[in-house]
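> fold the following.
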Amino acid sequence: MKKIILRILGNSTFGSFVASLVSIILGLLLGLIVMYIFNPRGAWPGFITMLQGGFSDGARGIGQVLYYTTTLILVGLSVGFSFQTGLFNIGVIGQFTMGAYVAIIIGGKLELPASIHWIVALLGASIAGMLWALLPGILKAYAKVSEIITTIMMNYVALYWVNQLVFDTHYEKSTVMSAYVKKTALMPKIGFDQIFPGSSVNSGLLIAIAVAIIISVVLYKTTFGYSLRACGANREASRYAGINENRNIIMVMLIAGLIAGLAGGILYLSAITKNYKISELFINEPAYGIPVALLGISDPMGIILASVFIGYIIIGGSLMQGYGFPVETVNIITAVIIYFAAFSLIFKNMLGKLVLRESFKDATEKTSPRRIPFPWKR
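Numbering: from 1, shown residues only. This is a model prediction of the structure:
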């Protein structure tokens, strides 16, 4: 029985699941305490409403959870994929923004058949995000410039550049935002509108899940993925083994940028009323990329589950306003959960050390010679 328990506890997937679960529970409890501090009377009913999430609004609410989950999966994958390979793609916001703008331009300006209009717009968005990640990748590979600094600065360049482009080429003066895309460029619903009437969920959800599966296969089932993870684990050893480190760095940034650009395209092609607003602030959705990646332990399947959870509490949090809580309350609770996610990794490491010590103790007891009592002389 002890062997079975140690085998379960020593499983990396199980350890990651326990780590994330602990962080979620502790984060929710601390979030409840914060809610009591600000509004004791509405704290408990508001908390229950948040936990009910999309279920409190029926089929439409569930559909909206899946709608938010679509974008969260992709931005989480963009960040998590780079984390797996030892890089920190903090520029997902800029890559997302560039992809969103190109999708709006193609979806709003070009006249294409409905069957391919949204596909061309998504391809353009993906390429835009990929190209926006190219410069940080080149600087990291050949000049050893920190990708954290370059990607953060590229975020601001993307923000102000797209603001100017929208103002010059695609601007509605009465609303200070871009014009809407054409109906032919909208993502197909493929029956989701019948299952979840009134929601915005569309075929982008299936695309996001497919991308997660592809990334998982690439990382864990291919030689290319192994070389990427080897570079992330130990660059010197991988270089000694003949792996082209510079090529891998650029490839990782290109793939991460492509996924982020795709996320921007899917979001802005999801509804006829979605458009880019000229602002000094970053777009909200890609800001969840790092939290989702951390909560999902950078594993593609874990990122899907983390995205569903974050999308779920976002919808639940929007319903808490009836109890006197602002929407930002959800951001506070999410931030607390992410902080605990960092501590949960420590818990996971402690659990691994405990399993290793117990396994070593059992192995030592089996292999050590038995003590034979010295016979007493008569």
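> rest of the way, CA atoms for contacts and neighbours
Noted.
> residue boundaries of the strands in the stretch 201-350 of the chain?
Assigned by DSSP state E, counting those that start in this stretch, the stretch 201-350 of the chain shows no strands.
> shaky segments in it?
By pLDDT under 70, the weakly predicted segments of the stretch 201-350 of the chain are 327, 338, 341-345, 347-348.
> how about the residue nearest the centre of the chain: what's its closest non-neighbour residue?
Geometric centre of the chain, nearest residue: residue 76, 1.4 Å, by C-alpha atoms, centre = their mean. Nearest-residue entry for residue 76: residue 289, 4.3 Å, with adjacent residues in sequence omitted and distances by C-alpha to C-alpha, 6 or more residues apart in numbering.
> same question for residue 227.
Once flanking residues are discounted, residue 227 sits nearest to residue 243: 6.7 Å by C-alpha to C-alpha, 6+ apart.
> my guess is the one you found meets residue 229, correct?
No - judged on C-alpha atoms under 8 Å, residue 243 makes no contact with residue 229 at a distance of 11.0 Å.
> those two: who's more crowded?
residue 229 (22 against 18; other C-alpha atoms under 10 Å).
> residues contacting that one?
Residue 229 makes contact with 84-86, 219 under the criterion C-alpha atoms under 8 Å, 6 or more residues apart in numbering.
> farthest-apart pair in those, please.
86 and 219 (12.9 Å; C-alpha to C-alpha).
> I'd like the next helix or strand past whichever strand or helix holds residue 127.
Under the criterion of DSSP states H and E, residue 127 resides in helix 114-132. The element immediately downstream of helix 114-132 (helix or strand, assigned by DSSP H and E) is helix 134-143.
> what's whatever helix or strand comes next after that next one packed up against?
Next helix or strand after helix 134-143 toward the C-terminus (DSSP H and E): helix 147-169. Here helix 147-169 touches helix 92-109, helix 134-143, strand 177-178, going by 3 or more C-alpha pairs under 8 Å, 6 or more residues apart in numbering; DSSP states H and E.
> which of these is buried the deepest?
helix 92-109 (a mean of 29; mean count of other C-alpha atoms under 10 Å).
> okay, that helix in PDB with CA atoms only?
Provided in PDB are the C-alpha atoms of helix 92-109 (Å, rounded to 0.1, in the frame of the first residue of the first chain):
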ATOM      1  CA  VAL A  92       2.200  38.400 -25.500                       C
ATOM      2  CA  ILE A  93       0.200  41.700 -25.100                       C
ATOM      3  CA  GLY A  94       2.000  43.300 -28.000                       C
ATOM      4  CA  GLN A  95       1.800  40.300 -30.200                       C
ATOM      5  CA  PHE A  96      -1.800  39.900 -29.400                       C
ATOM      6  CA  THR A  97      -2.400  43.600 -30.200                       C
ATOM      7  CA  MET A  98      -0.700  43.400 -33.600                       C
ATOM      8  CA  GLY A  99      -2.700  40.200 -34.500                       C
ATOM      9  CA  ALA A 100      -5.900  41.900 -33.500                       C
ATOM     10  CA  TYR A 101      -5.200  45.000 -35.600                       C
ATOM     11  CA  VAL A 102      -4.400  42.900 -38.700                       C
ATOM     12  CA  ALA A 103      -7.500  40.800 -38.200                       C
ATOM     13  CA  ILE A 104      -9.600  43.900 -38.000                       C
ATOM     14  CA  ILE A 105      -8.100  45.400 -41.100                       C
ATOM     15  CA  ILE A 106      -8.500  42.200 -43.200                       C
ATOM     16  CA  GLY A 107     -12.000  41.600 -41.700                       C
ATOM     17  CA  GLY A 108     -13.200  45.100 -42.200                       C
ATOM     18  CA  LYS A 109     -11.400  46.300 -45.400                       C
END
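> next, the angle helix 147-169 makes with it.
Following axes from the mean of the first three to the mean of the last three C-alpha atoms, to 10 degrees, one obtains 20 degrees for the angle between helix 92-109 and helix 147-169.
> how much space separates residue 240 from residue 145?
Going from residue 240 to residue 145 by C-alpha to C-alpha, to the nearest Å gives 22 Å.
> returning to that earlier point: show me what contacts the residue nearest to residue 76?
Counted by C-alpha under 8 Å, 6+ apart, residue 289 has contacts 72, 75-79, 92.
> nearest to residue 48, of these?
Nearest to residue 48, judged by C-alpha to C-alpha, of these is residue 72 at 23.3 Å.
> neighbours of that closest one, how many?
The burial count for residue 72: 30, using other C-alpha under 10 Å.
> what helix or strand is it located in?
helix 58-84.
> which helices and strands sit right next to that helix?
Using 3+ C-alpha pairs under 8 Å, 6+ apart: helix 58-84 touches helix 92-109, helix 204-221, helix 245-268, helix 289-295, helix 300-318.
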